[in-house]
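A.B. asks: with the input below, show me the fold.
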Amino acid sequence: MTAFTVAAVEGIGEISEGADLTAIVANAAELQNGDIVVVTSKVISKAEGRVRPGADRDAAITAETVRVVARRGPVRIVENRLGLVMAAAGVDASNLAVGTIALLPEDPDASARALRRDLAERAGVNVAVVVSDTSGRAWRLGQTDIAIGLAGLAPLESFAGTVDGYGNDLAVTEPAVADEIAGAAELGSGKLGGRPLMIVRGLGDRVLPPGEDGPGARAMVRPIASDMFGLGAREAVVAALAGDASAFGTPAPADDVAAALARLGIGDVTAGGDLLRVISRDPAQSLRVELVALAHGWVVEDDGEGVVLRPRSGSA
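C.D. replies: The predicted model follows:
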């Protein structure tokens, strides 16, 4: 049986801009080789001077936003400049002085690497570092902590190409190890306990050798072209009408396209090799055909005999 412990470190106190996090961590915790140091992003943000007046919240969210994924009233789910899809771009007012907000660290992976390196030099220990932050999940209520910065630990564990105990081939099984550790650590710290530093012990076999930091948490960001939930429902409609195919992924099979056309009452569709032909030339149906094609990674052409749909070339 694999056993590990999560210990919340007491007495960290308030962190201010310019704080020596390495000294704070080393003095507060008796670190051992193979430990995993989990520190909340809020601590990193405070030390790096990422705290702003609360009146700047909307402007800060906009500045941190790369694209809007979904918006419902005042709530914005966005992809921020770190590639993370989060509510309000990760801009947060919890565990801060009233009237202030904190932006996420400038580069959480770099912050994790620097803390790991400095702990090795000044405390003489080889540890991994996880920078954690709270995030919601598609499909699920509630939030959990995830890793947004990482050093000294592989973020994922791939089981592709292996078989389980029953002999079944595993193809896509890939536990998000860094996120699992961040979530476990949050259970030890608690949201309101004022304990932003946790030590996970007993998983030393996962800690990389000195000098090997791994790819960081950025490696866990799913590219939009493979994200089946890369846009909210309303935003997907707008993207389709605007002709923006970036979030719709690789071309779907011809059967899926034909089924979608049939669902919209667009009949007289015939298949031939790598294309579909829509015999109907009803102008009222043309926009529907084009939108179905775009959303499925296909393009529409007219060869003089009818409308022809082909998979989009060069789709990501």
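A.B. asks: low-confidence regions, the stretch 201-316 of the chain specifically.
C.D. replies: Residue ranges of the stretch 201-316 of the chain with pLDDT under 70: 267, 272-273, 280-281, 314-316.
A.B. asks: you'd agree Met198 is in a strand?
C.D. replies: Yes. Secondary structure of Met198 (DSSP: H, G, I helix; E, B strand; the rest coil): part of a strand.
A.B. asks: just checking, it touches Thr5?
C.D. replies: No. Taking contacts as Cβ atoms under 8 Å, Met198 lies outside contact range of Thr5: 10.1 Å. For glycine as for every other residue, the C-beta is placed from the backbone atoms N, C-alpha and C.
A.B. asks: ok, which stretches of this protein are strands?
C.D. replies: Under the criterion DSSP state E, the chain contains strands at 5-8, 36-40, 51-53, 65-72, 75-80, 85-87, 100-102, 128-137, 140-151, 197-201, 269-272, 275-278, 298-302, 307-311.
A.B. asks: single out the most deeply packed of these.
C.D. replies: Comparing the strands of the chain by mean neighbour count (mean count of other Cβ atoms under 10 Å), strand 36-40 comes out on top with a mean of 27.
A.B. asks: not counting its own residues, what contacts that one?
C.D. replies: If you take Cβ atoms under 8 Å, 6 or more residues apart in numbering as the criterion, strand 36-40 is touched by 21, 25, 29, 31, 115-116, 119, 127-133, 153, 181-182, 185, 189, 196-201, 203, 206-207.
A.B. asks: tell me how far Gly232 lies from Asp107.
C.D. replies: Separation of Gly232 from Asp107 (Cβ to Cβ, to the nearest Å) stands at 28 Å.
A.B. asks: equivalent analysis for Gly73, please.
C.D. replies: Applying Cβ to Cβ to Gly73 and Asp107 gives a distance of 32 Å.
A.B. asks: higher neighbour count, those two?
C.D. replies: Asp107 (17 against 5; other Cβ atoms under 10 Å).
A.B. asks: ok, Arg206 - how many residues close by?
C.D. replies: What Arg206 shows, counting by other Cβ under 10 Å, is a neighbour count of 18.
A.B. asks: oh sorry, the question was meant for Asp256
C.D. replies: By other Cβ under 10 Å, the burial measure for Asp256, its neighbour count, is 14.
A.B. asks: likewise Ala295?
C.D. replies: Neighbour count for Ala295, taken as other Cβ under 10 Å: 19.
A.B. asks: next up, the contacts around it.
C.D. replies: Counting by Cβ under 8 Å, 6+ apart, Ala295 touches Ala236, Ala240, Phe248, Ala260.
A.B. asks: one more time with 10 Å
C.D. replies: For Ala295, the contact set (Cβ atoms under 10 Å, 6 or more residues apart in numbering) comprises Ala236, Val237, Ala239, Ala240, Ala245, Ala247, Phe248, Gly249, Ala252, Val257, Ala260.
A.B. asks: Thr162 too?
C.D. replies: Thr162 sits next to Asn168, Asp169, Leu170, Ala171, Thr173 when contact means Cβ under 10 Å, 6+ apart.
A.B. asks: most neighbours of all those residues, which one?
C.D. replies: Per-residue neighbour counts (other Cβ under 10 Å) across the contacts of Thr162 peak at Leu170, which has 13 neighbours.
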